[in-house]
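Engineer: Show me the folded form of this:
(4 chains)
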Number of protein chains: 2
Amino acid sequence: MRRGIEFKKKARIIIVDDNYEHLSGIKELIEIESDFDVVATATSASVAISLIKKYRPEIVLMDINMPEKDGLTAIAEIEKLELGVRIIALTGYDDPDLIFRAMKIGAKGYILKTMASAQLIYAIDEVAAGKIYLPATLSSRFFEYFQRSFKEETEEVEDEENLLNYLTQREEEVLDLLTQGITYKGVAKKLFISETTVKTHVNNIFQKLQVNDRTQAVLYALNNGFLNKRKVKIAI
Amino acid sequence: MRRGIEFKKKARIIIVDDNYEHLSGIKELIEIESDFDVVATATSASVAISLIKKYRPEIVLMDINMPEKDGLTAIAEIEKLELGVRIIALTGYDDPDLIFRAMKIGAKGYILKTMASAQLIYAIDEVAAGKIYLPATLSSRFFEYFQRSFKEETEEVEDEENLLNYLTQREEEVLDLLTQGITYKGVAKKLFISETTVKTHVNNIFQKLQVNDRTQAVLYALNNGFLNKRKVKIAI
DNA sequence: CTATTTATAGGCCATGTGGTCTAAATCTTT
DNA sequence: AAAGATTTAGACCACATGGCCTATAAATAG
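Structural biologist: Below is the predicted model:
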(Lines give C-alpha, C1' and ligand atoms only; values in the text may rest on other atoms or scores of the structure.)
Protein backbone atom coordinates (compact mmCIF):
# COMPACT_ATOMS: atom_id res chain seq x y z
CA MET A 1 0.00 0.00 0.00
CA ARG A 2 2.59 2.50 1.07
CA ARG A 3 5.00 1.00 -1.44
CA GLY A 4 7.13 3.56 -3.18
CA ILE A 5 6.74 6.09 -0.44
CA GLU A 6 8.59 4.26 2.30
CA PHE A 7 12.23 3.34 1.98
CA LYS A 8 12.36 -0.22 0.78
CA LYS A 9 15.25 -2.16 2.25
CA LYS A 10 15.97 -5.31 0.31
CA ALA A 11 15.56 -8.18 2.71
CA ARG A 12 18.56 -10.50 2.70
CA ILE A 13 17.85 -14.20 2.34
CA ILE A 14 19.75 -17.42 2.85
CA ILE A 15 18.40 -20.54 1.18
CA VAL A 16 19.07 -24.01 2.57
CA ASP A 17 18.29 -27.17 0.61
CA ASP A 18 20.29 -30.35 0.25
CA ASN A 19 19.05 -30.75 -3.32
CA TYR A 20 21.31 -28.52 -5.38
CA GLU A 21 19.00 -28.42 -8.40
CA HIS A 22 16.16 -27.23 -6.30
CA LEU A 23 18.33 -24.81 -4.42
CA SER A 24 19.50 -22.99 -7.51
CA GLY A 25 15.99 -23.11 -8.91
CA ILE A 26 14.64 -21.20 -5.94
CA LYS A 27 17.58 -18.85 -5.95
CA GLU A 28 16.98 -17.88 -9.57
CA LEU A 29 13.29 -17.54 -9.00
CA ILE A 30 13.78 -15.16 -6.13
CA GLU A 31 16.40 -13.14 -7.94
CA ILE A 32 14.27 -12.76 -11.02
CA GLU A 33 10.77 -12.52 -9.61
CA SER A 34 11.40 -10.50 -6.49
CA ASP A 35 13.69 -7.85 -5.19
CA PHE A 36 15.07 -9.80 -2.29
CA ASP A 37 18.76 -10.29 -1.96
CA VAL A 38 19.96 -13.89 -1.80
CA VAL A 39 23.19 -13.43 0.13
CA ALA A 40 24.09 -17.09 0.46
CA THR A 41 22.94 -20.66 -0.03
CA ALA A 42 23.78 -23.90 1.73
CA THR A 43 23.17 -27.59 1.14
CA SER A 44 23.45 -28.62 4.76
CA ALA A 45 22.10 -27.35 8.05
CA SER A 46 25.46 -27.03 9.77
CA VAL A 47 26.90 -24.89 6.98
CA ALA A 48 23.70 -22.87 6.99
CA ILE A 49 24.10 -22.03 10.66
CA SER A 50 27.57 -20.60 10.24
CA LEU A 51 26.44 -18.63 7.20
CA ILE A 52 23.57 -17.23 9.19
CA LYS A 53 25.90 -16.14 11.96
CA LYS A 54 28.09 -14.47 9.37
CA TYR A 55 25.51 -12.73 7.18
CA ARG A 56 22.68 -12.12 9.65
CA PRO A 57 19.96 -12.37 7.01
CA GLU A 58 16.39 -11.28 7.67
CA ILE A 59 14.95 -14.43 6.13
CA VAL A 60 16.02 -18.05 5.91
CA LEU A 61 14.34 -20.51 3.59
CA MET A 62 14.93 -23.89 5.15
CA ASP A 63 14.23 -27.25 3.60
CA ILE A 64 13.31 -29.50 6.49
CA ASN A 65 13.87 -32.83 4.79
CA MET A 66 17.59 -33.16 4.84
CA PRO A 67 19.93 -35.99 5.76
CA GLU A 68 22.15 -35.82 8.87
CA LYS A 69 21.00 -32.79 10.80
CA ASP A 70 17.38 -32.33 9.88
CA GLY A 71 15.72 -29.03 9.27
CA LEU A 72 13.59 -28.92 12.38
CA THR A 73 16.56 -29.32 14.66
CA ALA A 74 18.35 -26.67 12.64
CA ILE A 75 15.44 -24.28 13.04
CA ALA A 76 15.43 -24.85 16.78
CA GLU A 77 19.15 -24.14 16.96
CA ILE A 78 18.88 -20.98 14.90
CA GLU A 79 15.99 -19.73 17.00
CA LYS A 80 18.06 -20.32 20.10
CA LEU A 81 20.68 -17.89 18.79
CA GLU A 82 18.06 -15.15 18.91
CA LEU A 83 19.41 -13.29 15.91
CA GLY A 84 15.97 -12.18 14.83
CA VAL A 85 16.18 -14.33 11.74
CA ARG A 86 12.77 -15.21 10.39
CA ILE A 87 12.67 -18.75 9.13
CA ILE A 88 10.38 -20.17 6.49
CA ALA A 89 10.13 -23.93 6.40
CA LEU A 90 10.13 -25.49 2.97
CA THR A 91 9.16 -29.07 2.33
CA GLY A 92 7.32 -31.48 0.12
CA TYR A 93 5.10 -32.82 2.86
CA ASP A 94 1.93 -31.27 4.19
CA ASP A 95 2.01 -33.52 7.22
CA PRO A 96 0.11 -31.63 9.95
CA ASP A 97 2.43 -32.92 12.63
CA LEU A 98 5.40 -31.55 10.75
CA ILE A 99 3.70 -28.21 10.27
CA PHE A 100 2.78 -28.07 13.92
CA ARG A 101 6.28 -28.84 15.07
CA ALA A 102 7.83 -26.32 12.73
CA MET A 103 5.53 -23.57 13.96
CA LYS A 104 6.06 -24.65 17.54
CA ILE A 105 9.77 -24.12 17.40
CA GLY A 106 9.39 -20.73 15.78
CA ALA A 107 9.13 -20.99 12.00
CA LYS A 108 7.41 -17.88 10.65
CA GLY A 109 6.15 -19.59 7.54
CA TYR A 110 5.69 -22.99 5.99
CA ILE A 111 5.33 -23.63 2.29
CA LEU A 112 5.22 -26.65 0.07
CA LYS A 113 7.61 -27.20 -2.80
CA THR A 114 4.69 -28.01 -5.02
CA MET A 115 3.20 -24.57 -4.59
CA ALA A 116 3.26 -21.94 -7.27
CA SER A 117 6.31 -19.73 -7.32
CA ALA A 118 4.17 -16.65 -6.86
CA GLN A 119 3.07 -18.05 -3.53
CA LEU A 120 6.66 -18.48 -2.43
CA ILE A 121 7.40 -14.85 -3.20
CA TYR A 122 4.23 -13.81 -1.44
CA ALA A 123 5.17 -15.83 1.61
CA ILE A 124 8.58 -14.22 1.79
CA ASP A 125 6.95 -10.84 1.40
CA GLU A 126 4.61 -11.45 4.28
CA VAL A 127 7.24 -12.89 6.56
CA ALA A 128 9.64 -10.07 5.73
CA ALA A 129 6.84 -7.68 6.70
CA GLY A 130 6.78 -9.26 10.16
CA LYS A 131 3.79 -11.49 9.66
CA ILE A 132 3.47 -15.22 9.89
CA TYR A 133 2.49 -16.94 6.69
CA LEU A 134 0.76 -20.25 6.25
CA PRO A 135 -1.11 -21.07 3.04
CA ALA A 136 -4.82 -21.48 3.73
CA THR A 137 -4.74 -25.25 3.17
CA LEU A 138 -1.92 -25.69 5.63
CA SER A 139 -3.31 -23.41 8.28
CA SER A 140 -6.49 -25.43 8.15
CA ARG A 141 -4.45 -28.57 8.80
CA PHE A 142 -2.55 -26.82 11.52
CA PHE A 143 -5.71 -25.82 13.30
CA GLU A 144 -7.16 -29.29 13.09
CA TYR A 145 -4.02 -30.73 14.60
CA PHE A 146 -3.96 -28.02 17.21
CA GLN A 147 -7.52 -28.66 18.27
CA ARG A 148 -7.11 -32.40 18.26
CA SER A 149 -4.03 -32.31 20.43
CA PHE A 150 -5.77 -29.96 22.78
CA LYS A 151 -8.88 -32.03 22.99
CA GLU A 152 -6.86 -35.11 23.87
CA GLU A 153 -5.08 -33.15 26.54
CA THR A 154 -8.25 -32.05 28.28
CA GLU A 155 -10.00 -35.37 27.74
CA GLU A 156 -7.21 -37.22 29.45
CA VAL A 157 -7.79 -35.08 32.49
CA GLU A 158 -11.56 -34.97 32.60
CA ASP A 159 -12.01 -38.50 31.35
CA GLU A 160 -14.00 -40.99 33.37
CA GLU A 161 -13.48 -41.12 37.11
CA ASN A 162 -11.19 -38.51 38.50
CA LEU A 163 -10.59 -39.72 42.00
CA LEU A 164 -9.65 -36.19 42.98
CA ASN A 165 -13.33 -35.33 42.90
CA TYR A 166 -13.97 -37.46 45.96
CA LEU A 167 -11.66 -35.38 48.11
CA THR A 168 -13.18 -33.03 50.63
CA GLN A 169 -12.12 -29.40 50.77
CA ARG A 170 -9.82 -29.95 53.68
CA GLU A 171 -8.25 -32.93 52.01
CA GLU A 172 -7.63 -30.86 48.91
CA GLU A 173 -5.87 -28.27 51.03
CA VAL A 174 -3.69 -30.93 52.56
CA LEU A 175 -2.93 -32.47 49.18
CA ASP A 176 -2.08 -29.04 47.87
CA LEU A 177 0.58 -28.70 50.53
CA LEU A 178 1.82 -32.22 49.87
CA THR A 179 2.33 -31.32 46.21
CA GLN A 180 4.69 -28.66 47.47
CA GLY A 181 6.78 -31.22 49.27
CA ILE A 182 5.83 -30.22 52.80
CA THR A 183 6.02 -32.61 55.76
CA TYR A 184 3.32 -33.49 58.24
CA LYS A 185 4.73 -30.99 60.68
CA GLY A 186 4.81 -28.27 58.06
CA VAL A 187 1.25 -28.93 56.98
CA ALA A 188 0.09 -28.97 60.58
CA LYS A 189 1.62 -25.58 61.20
CA LYS A 190 0.22 -24.07 58.02
CA LEU A 191 -3.28 -25.28 58.69
CA PHE A 192 -3.18 -24.71 62.45
CA ILE A 193 -4.12 -28.29 63.22
CA SER A 194 -2.30 -31.10 64.96
CA GLU A 195 0.11 -33.39 63.19
CA THR A 196 -2.04 -36.42 63.82
CA THR A 197 -4.96 -34.74 62.14
CA VAL A 198 -2.81 -34.19 59.10
CA LYS A 199 -1.93 -37.86 59.15
CA THR A 200 -5.58 -38.77 59.27
CA HIS A 201 -6.32 -36.57 56.28
CA VAL A 202 -3.36 -37.93 54.39
CA ASN A 203 -4.45 -41.49 55.04
CA ASN A 204 -7.92 -40.70 53.80
CA ILE A 205 -6.43 -39.07 50.71
CA PHE A 206 -4.38 -42.19 50.03
CA GLN A 207 -7.42 -44.40 50.26
CA LYS A 208 -9.47 -42.17 48.02
CA LEU A 209 -6.73 -41.90 45.41
CA GLN A 210 -5.93 -45.59 45.77
CA VAL A 211 -2.24 -45.02 46.36
CA ASN A 212 -0.02 -45.90 49.28
CA ASP A 213 2.50 -43.14 49.61
CA ARG A 214 2.80 -39.40 49.21
CA THR A 215 4.90 -39.52 46.06
CA GLN A 216 2.24 -41.51 44.27
CA ALA A 217 -0.42 -39.18 45.61
CA VAL A 218 1.46 -36.16 44.31
CA LEU A 219 1.98 -37.84 40.95
CA TYR A 220 -1.68 -38.75 40.75
CA ALA A 221 -2.67 -35.21 41.60
CA LEU A 222 -0.32 -33.74 39.02
CA ASN A 223 -1.31 -36.16 36.29
CA ASN A 224 -4.99 -35.66 36.89
CA GLY A 225 -5.11 -31.93 36.74
CA PHE A 226 -5.05 -31.08 40.40
CA LEU A 227 -3.03 -27.94 39.85
CA ASN A 228 -4.64 -27.37 36.49
CA LYS A 229 -8.09 -27.11 37.96
CA ARG A 230 -7.40 -23.59 39.04
CA LYS A 231 -5.41 -22.83 35.91
CA VAL A 232 -8.11 -24.12 33.63
CA LYS A 233 -10.76 -22.16 35.48
CA ILE A 234 -8.80 -19.00 34.95
CA ALA A 235 -7.53 -19.83 31.50
CA ILE A 236 -10.58 -20.99 29.58
CA MET B 1 -16.42 -26.23 -8.05
CA ARG B 2 -18.69 -29.23 -8.12
CA ARG B 3 -21.57 -26.95 -7.23
CA GLY B 4 -24.76 -27.80 -8.98
CA ILE B 5 -23.73 -31.35 -9.62
CA GLU B 6 -23.67 -32.55 -6.05
CA PHE B 7 -26.72 -32.53 -3.88
CA LYS B 8 -26.57 -29.36 -1.85
CA LYS B 9 -27.91 -29.78 1.65
CA LYS B 10 -28.71 -26.44 3.22
CA ALA B 11 -26.65 -26.19 6.37
CA ARG B 12 -28.78 -25.29 9.38
CA ILE B 13 -27.60 -22.47 11.54
CA ILE B 14 -28.34 -21.13 14.98
CA ILE B 15 -27.26 -17.59 15.78
CA VAL B 16 -26.52 -16.45 19.32
CA ASP B 17 -26.07 -12.81 20.24
CA ASP B 18 -27.29 -10.88 23.23
CA ASN B 19 -27.74 -7.78 21.09
CA TYR B 20 -31.06 -8.24 19.39
CA GLU B 21 -30.44 -5.64 16.68
CA HIS B 22 -27.27 -7.32 15.67
CA LEU B 23 -28.83 -10.74 15.89
CA SER B 24 -31.58 -9.94 13.45
CA GLY B 25 -29.11 -8.12 11.22
CA ILE B 26 -27.02 -11.22 10.82
CA LYS B 27 -30.08 -13.38 10.40
CA GLU B 28 -31.36 -11.28 7.53
CA LEU B 29 -27.95 -11.11 5.96
CA ILE B 30 -27.60 -14.87 5.96
CA GLU B 31 -31.11 -15.45 4.71
CA ILE B 32 -30.69 -13.02 1.84
CA GLU B 33 -27.07 -13.42 0.88
CA SER B 34 -26.63 -17.16 1.31
CA ASP B 35 -28.59 -20.33 1.10
CA PHE B 36 -28.11 -21.42 4.67
CA ASP B 37 -31.09 -22.11 6.85
CA VAL B 38 -31.33 -20.13 10.06
CA VAL B 39 -33.39 -22.52 12.17
CA ALA B 40 -33.26 -20.54 15.40
CA THR B 41 -31.73 -17.61 17.23
CA ALA B 42 -31.01 -16.94 20.87
CA THR B 43 -29.98 -13.96 22.96
CA SER B 44 -28.41 -15.96 25.77
CA ALA B 45 -26.03 -18.88 25.99
CA SER B 46 -28.24 -21.06 28.14
CA VAL B 47 -31.19 -20.77 25.76
CA ALA B 48 -28.82 -21.41 22.89
CA ILE B 49 -27.70 -24.68 24.38
CA SER B 50 -31.20 -26.08 24.66
CA LEU B 51 -32.00 -24.92 21.12
CA ILE B 52 -28.88 -26.66 19.88
CA LYS B 53 -29.91 -29.89 21.57
CA LYS B 54 -33.32 -29.59 19.96
CA TYR B 55 -32.41 -28.57 16.41
CA ARG B 56 -28.98 -30.16 16.01
CA PRO B 57 -27.71 -27.49 13.61
CA GLU B 58 -24.53 -27.93 11.60
CA ILE B 59 -23.33 -24.43 12.43
CA VAL B 60 -23.59 -22.12 15.41
CA LEU B 61 -22.66 -18.47 15.24
CA MET B 62 -21.79 -17.50 18.77
CA ASP B 63 -21.17 -14.03 20.09
CA ILE B 64 -18.62 -14.43 22.83
CA ASN B 65 -19.18 -11.15 24.59
CA MET B 66 -22.32 -11.79 26.51
CA PRO B 67 -23.36 -11.10 30.08
CA GLU B 68 -23.94 -13.93 32.56
CA LYS B 69 -22.73 -17.08 30.87
CA ASP B 70 -20.07 -15.91 28.48
CA GLY B 71 -19.56 -17.29 25.02
CA LEU B 72 -16.33 -19.15 25.66
CA THR B 73 -17.85 -21.17 28.46
CA ALA B 74 -20.84 -21.82 26.26
CA ILE B 75 -18.63 -23.07 23.44
CA ALA B 76 -16.82 -25.40 25.83
CA GLU B 77 -20.14 -26.78 27.03
CA ILE B 78 -21.48 -27.31 23.56
CA GLU B 79 -18.29 -29.04 22.48
CA LYS B 80 -18.60 -31.34 25.43
CA LEU B 81 -21.95 -32.53 24.16
CA GLU B 82 -20.19 -33.86 21.06
CA LEU B 83 -23.09 -33.18 18.73
CA GLY B 84 -20.82 -32.42 15.82
CA VAL B 85 -21.92 -28.80 15.86
CA ARG B 86 -19.36 -26.53 14.29
CA ILE B 87 -19.10 -23.26 16.15
CA ILE B 88 -17.99 -19.94 14.77
CA ALA B 89 -17.03 -17.35 17.34
CA LEU B 90 -18.24 -13.85 16.67
CA THR B 91 -16.94 -10.82 18.48
CA GLY B 92 -15.80 -7.27 18.24
CA TYR B 93 -12.38 -7.91 19.70
CA ASP B 94 -9.34 -9.20 17.86
CA ASP B 95 -7.58 -9.93 21.14
CA PRO B 96 -5.09 -12.73 20.38
CA ASP B 97 -5.66 -14.32 23.75
CA LEU B 98 -9.38 -14.49 23.08
CA ILE B 99 -8.79 -15.97 19.66
CA PHE B 100 -6.40 -18.50 21.08
CA ARG B 101 -8.78 -19.57 23.79
CA ALA B 102 -11.69 -19.86 21.40
CA MET B 103 -9.71 -22.08 19.05
CA LYS B 104 -8.36 -24.07 21.96
CA ILE B 105 -11.79 -25.10 23.13
CA GLY B 106 -12.88 -26.06 19.65
CA ALA B 107 -14.28 -23.09 17.71
CA LYS B 108 -14.03 -23.81 14.02
CA GLY B 109 -13.95 -20.18 13.04
CA TYR B 110 -13.55 -16.71 14.48
CA ILE B 111 -14.72 -13.55 12.83
CA LEU B 112 -15.01 -9.94 13.80
CA LYS B 113 -18.25 -8.04 13.76
CA THR B 114 -16.53 -5.28 11.86
CA MET B 115 -15.75 -7.53 8.93
CA ALA B 116 -17.55 -7.33 5.63
CA SER B 117 -20.68 -9.39 5.33
CA ALA B 118 -19.22 -11.29 2.40
CA GLN B 119 -16.52 -12.54 4.69
CA LEU B 120 -19.06 -13.81 7.17
CA ILE B 121 -20.80 -15.81 4.46
CA TYR B 122 -17.47 -17.08 3.23
CA ALA B 123 -16.49 -18.15 6.73
CA ILE B 124 -19.73 -20.07 7.18
CA ASP B 125 -19.18 -21.65 3.79
CA GLU B 126 -15.73 -22.83 4.72
CA VAL B 127 -16.71 -24.10 8.14
CA ALA B 128 -19.75 -25.88 6.71
CA ALA B 129 -17.37 -27.54 4.26
CA GLY B 130 -15.47 -29.00 7.19
CA LYS B 131 -12.64 -26.54 7.25
CA ILE B 132 -11.48 -24.18 9.91
CA TYR B 133 -11.68 -20.54 9.04
CA LEU B 134 -9.69 -17.66 10.46
CA PRO B 135 -9.31 -14.42 8.54
CA ALA B 136 -5.67 -13.88 7.56
CA THR B 137 -5.18 -11.02 10.01
CA LEU B 138 -6.49 -13.07 12.90
CA SER B 139 -4.57 -16.21 12.04
CA SER B 140 -1.42 -14.14 12.04
CA ARG B 141 -2.25 -12.98 15.55
CA PHE B 142 -3.09 -16.47 16.57
CA PHE B 143 0.26 -17.79 15.40
CA GLU B 144 2.17 -15.05 17.17
CA TYR B 145 0.39 -15.83 20.39
CA PHE B 146 0.91 -19.53 19.84
CA GLN B 147 4.64 -19.14 19.30
CA ARG B 148 5.06 -16.76 22.17
CA SER B 149 3.32 -19.02 24.64
CA PHE B 150 5.39 -21.91 23.42
CA LYS B 151 8.63 -20.07 23.65
CA GLU B 152 7.92 -19.10 27.23
CA GLU B 153 7.14 -22.69 28.01
CA THR B 154 10.45 -24.01 26.73
CA GLU B 155 12.45 -21.10 28.10
CA GLU B 156 11.20 -21.75 31.58
CA VAL B 157 12.63 -25.22 31.39
CA GLU B 158 15.96 -24.52 29.73
CA ASP B 159 16.58 -21.35 31.64
CA GLU B 160 19.73 -20.84 33.68
CA GLU B 161 21.02 -23.61 35.91
CA ASN B 162 19.15 -26.84 35.64
CA LEU B 163 20.42 -28.89 38.53
CA LEU B 164 19.27 -32.01 36.74
CA ASN B 165 22.26 -31.65 34.45
CA TYR B 166 24.60 -32.53 37.27
CA LEU B 167 23.07 -35.95 37.75
CA THR B 168 24.96 -38.99 36.53
CA GLN B 169 23.27 -41.54 34.31
CA ARG B 170 22.67 -43.93 37.13
CA GLU B 171 21.25 -41.18 39.27
CA GLU B 172 18.89 -40.26 36.45
CA GLU B 173 17.72 -43.84 36.29
CA VAL B 174 17.07 -43.85 40.01
CA LEU B 175 15.28 -40.52 39.85
CA ASP B 176 13.22 -41.81 36.98
CA LEU B 177 11.99 -44.63 39.17
CA LEU B 178 11.38 -42.25 42.06
CA THR B 179 9.14 -40.15 39.80
CA GLN B 180 7.06 -43.28 39.41
CA GLY B 181 6.58 -43.55 43.13
CA ILE B 182 8.73 -46.62 43.68
CA THR B 183 10.34 -47.42 47.04
CA TYR B 184 13.99 -48.14 47.75
CA LYS B 185 13.29 -51.86 47.63
CA GLY B 186 11.51 -51.60 44.33
CA VAL B 187 14.27 -49.53 42.77
CA ALA B 188 16.88 -51.98 44.08
CA LYS B 189 15.06 -54.87 42.44
CA LYS B 190 14.57 -53.08 39.16
CA LEU B 191 18.20 -52.06 38.89
CA PHE B 192 19.62 -55.28 40.33
CA ILE B 193 21.55 -53.43 43.03
CA SER B 194 21.31 -53.41 46.80
CA GLU B 195 18.94 -51.22 48.72
CA THR B 196 21.76 -49.35 50.39
CA THR B 197 23.21 -48.48 47.02
CA VAL B 198 19.90 -47.00 46.05
CA LYS B 199 19.93 -44.98 49.24
CA THR B 200 23.38 -43.69 48.41
CA HIS B 201 22.23 -42.62 44.97
CA VAL B 202 19.13 -41.02 46.36
CA ASN B 203 21.13 -39.09 48.91
CA ASN B 204 23.45 -37.85 46.19
CA ILE B 205 20.47 -36.83 44.11
CA PHE B 206 19.05 -34.87 47.02
CA GLN B 207 22.29 -33.02 47.49
CA LYS B 208 22.61 -32.22 43.82
CA LEU B 209 19.05 -31.02 43.56
CA GLN B 210 19.29 -29.21 46.89
CA VAL B 211 16.21 -30.85 48.32
CA ASN B 212 15.69 -33.03 51.35
CA ASP B 213 13.06 -35.56 50.49
CA ARG B 214 11.80 -37.58 47.57
CA THR B 215 8.63 -35.60 47.04
CA GLN B 216 10.62 -32.43 46.55
CA ALA B 217 13.02 -34.27 44.28
CA VAL B 218 10.16 -35.56 42.16
CA LEU B 219 8.62 -32.11 42.02
CA TYR B 220 11.92 -30.56 41.05
CA ALA B 221 12.36 -33.14 38.33
CA LEU B 222 8.87 -32.62 36.98
CA ASN B 223 9.07 -28.86 37.06
CA ASN B 224 12.41 -28.78 35.37
CA GLY B 225 11.66 -30.91 32.40
CA PHE B 226 12.99 -34.23 33.57
CA LEU B 227 10.32 -36.22 31.77
CA ASN B 228 10.21 -33.72 28.95
CA LYS B 229 13.83 -34.25 28.07
CA ARG B 230 13.00 -37.48 26.36
CA LYS B 231 9.74 -36.17 24.99
CA VAL B 232 11.41 -33.10 23.54
CA LYS B 233 14.12 -35.18 21.99
CA ILE B 234 11.54 -37.32 20.27
CA ALA B 235 9.01 -34.61 19.60
CA ILE B 236 11.00 -31.73 18.17
C1' DC C 1 49.93 -43.95 35.26
C1' DT C 2 47.85 -41.45 38.91
C1' DA C 3 43.66 -38.63 40.18
C1' DT C 4 38.93 -38.22 39.95
C1' DT C 5 34.41 -39.72 39.23
C1' DT C 6 31.01 -43.21 39.38
C1' DA C 7 28.81 -47.17 41.08
C1' DT C 8 28.71 -50.25 44.45
C1' DA C 9 27.68 -51.46 49.58
C1' DG C 10 27.52 -51.48 54.56
C1' DG C 11 26.42 -49.50 59.45
C1' DC C 12 23.97 -46.55 62.64
C1' DC C 13 20.47 -43.73 64.28
C1' DA C 14 16.82 -40.27 64.43
C1' DT C 15 12.85 -39.17 62.42
C1' DG C 16 9.27 -39.36 58.99
C1' DT C 17 5.72 -42.10 57.07
C1' DG C 18 1.87 -45.21 56.61
C1' DG C 19 -1.67 -48.66 58.64
C1' DT C 20 -5.24 -49.36 61.84
C1' DC C 21 -8.34 -48.33 65.33
C1' DT C 22 -10.99 -45.29 68.29
C1' DA C 23 -13.54 -41.08 69.23
C1' DA C 24 -15.41 -36.48 69.88
C1' DA C 25 -17.08 -31.96 68.04
C1' DT C 26 -19.11 -29.79 64.17
C1' DC C 27 -21.51 -29.28 60.08
C1' DT C 28 -25.03 -31.07 56.51
C1' DT C 29 -28.81 -33.15 55.02
C1' DT C 30 -33.05 -35.15 55.45
C1' DA D 1 -34.35 -34.65 65.70
C1' DA D 2 -31.70 -38.29 63.65
C1' DA D 3 -28.33 -39.86 60.35
C1' DG D 4 -24.34 -39.05 57.92
C1' DA D 5 -20.25 -36.68 56.51
C1' DT D 6 -16.38 -33.81 57.83
C1' DT D 7 -12.84 -32.25 60.72
C1' DT D 8 -10.52 -32.76 64.51
C1' DA D 9 -7.23 -35.72 67.51
C1' DG D 10 -5.08 -39.44 69.94
C1' DA D 11 -2.46 -44.19 70.59
C1' DC D 12 0.43 -47.79 68.83
C1' DC D 13 3.44 -50.03 65.80
C1' DA D 14 6.18 -51.49 61.77
C1' DC D 15 8.98 -49.96 58.60
C1' DA D 16 10.56 -46.59 55.17
C1' DT D 17 13.25 -42.65 54.75
C1' DG D 18 17.03 -39.44 55.22
C1' DG D 19 21.64 -37.91 57.32
C1' DC D 20 26.14 -39.06 57.92
C1' DC D 21 30.12 -41.86 57.72
C1' DT D 22 33.35 -45.19 55.70
C1' DA D 23 35.06 -48.09 51.90
C1' DT D 24 36.08 -50.71 47.58
C1' DA D 25 36.03 -51.95 42.57
C1' DA D 26 35.60 -50.01 38.13
C1' DA D 27 35.61 -46.63 34.87
C1' DT D 28 37.19 -42.16 33.17
C1' DA D 29 40.01 -38.23 32.79
C1' DG D 30 44.21 -35.79 33.03
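
Engineer: Flag every residue of chain A that's near DNA strand D.
Structural biologist: Residues of chain A found near DNA strand D (CB under 7 Å from any atom of the strand) are A:168-171, A:191, A:193-197, A:199-201, A:204, A:213. Just so you know, the C-beta spots here come from the backbone N, C-alpha and C atoms, and that holds for glycine as well.

Engineer: correct me, but A:V16 touches A:A40?
Structural biologist: No: at 9.3 Å, A:V16 and A:A40 do not qualify as touching, with contact defined as CB atoms under 8 Å.

Engineer: And those two? Which one has more around it.
Structural biologist: Per other CB atoms under 10 Å in any protein chain shown, whichever of A:V16 and A:A40 has more neighbours is A:V16, with 28 against 19.

Engineer: Next one: that one from B:G186, what distance?
Structural biologist: Distance from A:V16 to B:G186, counting by CB to CB, to the nearest Å: 49 Å.

Engineer: Ok, A:S140 next?
Structural biologist: On the measure of CB to CB, A:S140 and B:G186 end up 48 Å apart.

Engineer: Looking at these two, which is more packed in?
Structural biologist: Neighbour count, other CB under 10 Å: between A:S140 and B:G186, A:S140 has more, with 19 against 15.

Engineer: Does the more buried one touch B:K131 like I think?
Structural biologist: Yes: shown here, A:S140 and B:K131 form a contact pair, counting by CB under 8 Å, at 4.9 Å.

Engineer: Mind listing residues that contact stretch A:24-44?
Structural biologist: Residues outside stretch A:24-44 that contact it (CB atoms under 8 Å, 6 or more residues apart in numbering or on different chains) are A:8, A:10-20, A:23, A:48, A:51, A:54-55, A:57, A:59, A:61, A:66, A:68-69, A:90, A:117-118, A:120-121, A:124-125, A:128.

Engineer: again, only this time at 6 Å
Structural biologist: A:10-16, A:18, A:23, A:48, A:51, A:55, A:57, A:117, A:121 (CB atoms under 6 Å, 6 or more residues apart in numbering or on different chains).

Engineer: give me the element A:L90 is part of.
Structural biologist: Taking DSSP states H and E as the criterion, A:L90 maps to strand A:86-91.

Engineer: mean confidence for that strand?
Structural biologist: Mean per-residue pLDDT for strand A:86-91: 93.

Engineer: tell me which strands and helices it is in contact with?
Structural biologist: Judged by 3 or more CB pairs under 6 Å, 6 or more residues apart in numbering or on different chains; DSSP states H and E, the packing partners of strand A:86-91 are strand A:59-63, strand A:109-112.

Engineer: Please identify the most buried of those.
Structural biologist: Sort the helices and strands packed on strand A:86-91 by mean neighbour count, taking mean count of other CB atoms under 10 Å in any protein chain shown, and strand A:59-63 sits at the top with a mean of 27.

Engineer: can you count the residues close to A:I87?
Structural biologist: By other CB under 10 Å, 27 other residues sit near A:I87.

Engineer: What sits closest to it if chain neighbours are left out?
Structural biologist: Closest residue to A:I87 apart from its sequence neighbours, by CB to CB, 6 or more residues apart in numbering or on different chains: A:V60 at 4.7 Å.

Engineer: partners of that neighbour in the sheet?
Structural biologist: With DSSP bridges as the criterion, A:V60 is bridged to A:I14, A:I87.

Engineer: any idea of the pLDDT on it?
Structural biologist: If you check A:V60, the pLDDT there is 95.

Engineer: With A:I75 as the reference, measure out to it.
Structural biologist: Applying CB to CB to A:V60 and A:I75 gives a distance of 8 Å.

Engineer: Between the two, which contacts overlap?
Structural biologist: Residues touching both A:V60 and A:I75 (CB under 6 Å, 6+ apart): A:I87.

Engineer: which SSE is A:L219 in?
Structural biologist: helix A:214-223.

Engineer: I misspoke; the intended subject was A:V174.
Structural biologist: helix A:169-178.
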